[in-house]
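K.L.:
Structure for this input, please:
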Amino acid sequence: MANLKEIRNRITSVSSTMQITSAMKMVSAAKLKKAQDAITAMRPYAEKLTELLQNLSATLEGDAGGQFTIQREVKKVLLVVITSNRGLAGAFNTNAIKEARSRAEFYAGKQVDVFAIGKKGNDVLSKTLSVVENQSAVFDNLTFDNVAKIADLLTEKFVSGEYDKIELIYNQFKNAATQIVQTEQFLPLAPIKSDLTVLTGDYIFEPSKEEIVLTLIPKSLKTQLYKGIRDSFASEHGARMTAMHKATDNATELRNQLKLTYNKARQASITNEILEIVGGAEALNG
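P.N.:
This is a model prediction of the structure:
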């Protein structure tokens, strides 16, 4: 059995860790509320924009998407992997990284590059895959305008022919305890298939429907990327809050076990001292 000093030191160490994890849990809970409100407020807009684009496109004939819908033979693929800049978030980063590796294996024999958004994904994937760019700084000031610049950069890479296909990999926020890894095709735009009711009636479009669609597509791409990053941001704080909650519970349980061990060891030590005193007294009397 460990001596009393070692057990006291372990109790102090575990208590300090428990205070840290408890504080991190509270910080993540506060940040999660703000991030959750942001993604919840944005989803209806993103869904309505997609619905509007689908409705308009369904009324057009031929290729209405222009350069954004060009289907080329897939030889070069760009994976946009969205992770976080910090760890201690359970399997949040690991799941996105695993999905990225899985997609890279799926495109075996083709050129597969990674566009990292988040330091953790960049640090891990750069060891096994080709990371062409890292845009981790976007989390320092997460606004639509900053994300739009990244979306424009990705769009340019596709339009110029640098890549034939671009995919987004991120964690979709469901609730604080659940994050779902998603892989979405960013470019080219998939053929629009909508079960929605096509626009009916005598509408006058100004400018033409074709021009409206070509204007909406870049906006839709920026919104898709922004929603993915916002989803990932909320998922990160949810995963970290859950991980720190479990860590705090584990530390509490370990501290209680150590206290019980310490009390048993202390009691045994006192009992031995009493026995030694009694034995010594009897030896003197004998």
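
K.L.:
Tally up the residues packed near Asp249, please.
P.N.:
13 (other C-beta atoms under 10 Å). Every C-beta, even on glycine, is put in place using the N, C-alpha and C of the backbone.

K.L.:
what's the distance between it and Thr242?
P.N.:
Computed as C-beta to C-beta, to the nearest Å, the Asp249 to Thr242 distance reads 11 Å.

K.L.:
same question, Ile204
P.N.:
Taking C-beta to C-beta, one finds Ile204 at 52 Å from Thr242.

K.L.:
Could I get the phi/psi values of Gly90?
P.N.:
Gly90 has phi and psi values of phi 60, psi -130 when expressed as degrees, to the nearest 10.

K.L.:
Let me see the contact set for it.
P.N.:
Gly90 makes contacts with Ala239, Arg240, Thr242, Ala243, as judged by C-beta atoms under 8 Å, 6 or more residues apart in numbering.

K.L.:
What about these, which are in helices?
P.N.:
Ala239, Arg240, Thr242, Ala243 (DSSP state H).

K.L.:
helix, strand or coil for the residue lying closest to Gly87 once chain neighbours are set aside?
P.N.:
The spatial neighbour of Gly87 that comes closest, neighbours along the chain excluded (C-beta to C-beta, 6 or more residues apart in numbering), is Lys120 at 6.2 Å. Secondary structure of Lys120, reduced to three states by DSSP: H, G, I helix; E, B strand; the rest coil: helix.

K.L.:
re the thing from before, give me the more crowded residue out of Ile204 and Thr242.
P.N.:
Thr242 (21 against 4).

K.L.:
Which parts of the stretch 101-250 of the chain are helices?
P.N.:
Under the criterion DSSP state H, counting those that start in this stretch, the stretch 101-250 of the chain contains helices at 119-125, 144-159, 209-285.

K.L.:
residues touching Lys165, list them.
P.N.:
Per C-beta under 8 Å, 6+ apart, neighbours of Lys165: Val74, Lys76, Val77, Leu78, Phe158, Gln185, Leu187, Pro188.

K.L.:
partners of it in the sheet?
P.N.:
Val77 (DSSP bridges).

K.L.:
The closest residue to Gln182 other than its chain neighbours and Lys120, how far apart?
P.N.:
The spatial neighbour of Gln182 that comes closest, neighbours along the chain excluded (C-beta to C-beta, 6+ apart), is Gln172 at 4.7 Å. Distance of Gln172 to Lys120, given as C-beta to C-beta: 18 Å.

K.L.:
who has more neighbours, those two?
P.N.:
Taking neighbours as other C-beta under 10 Å, Gln172 and Lys120 compare with Lys120 leading, 22 against 17.

K.L.:
From Glu51, how far out is that one?
P.N.:
34 Å.
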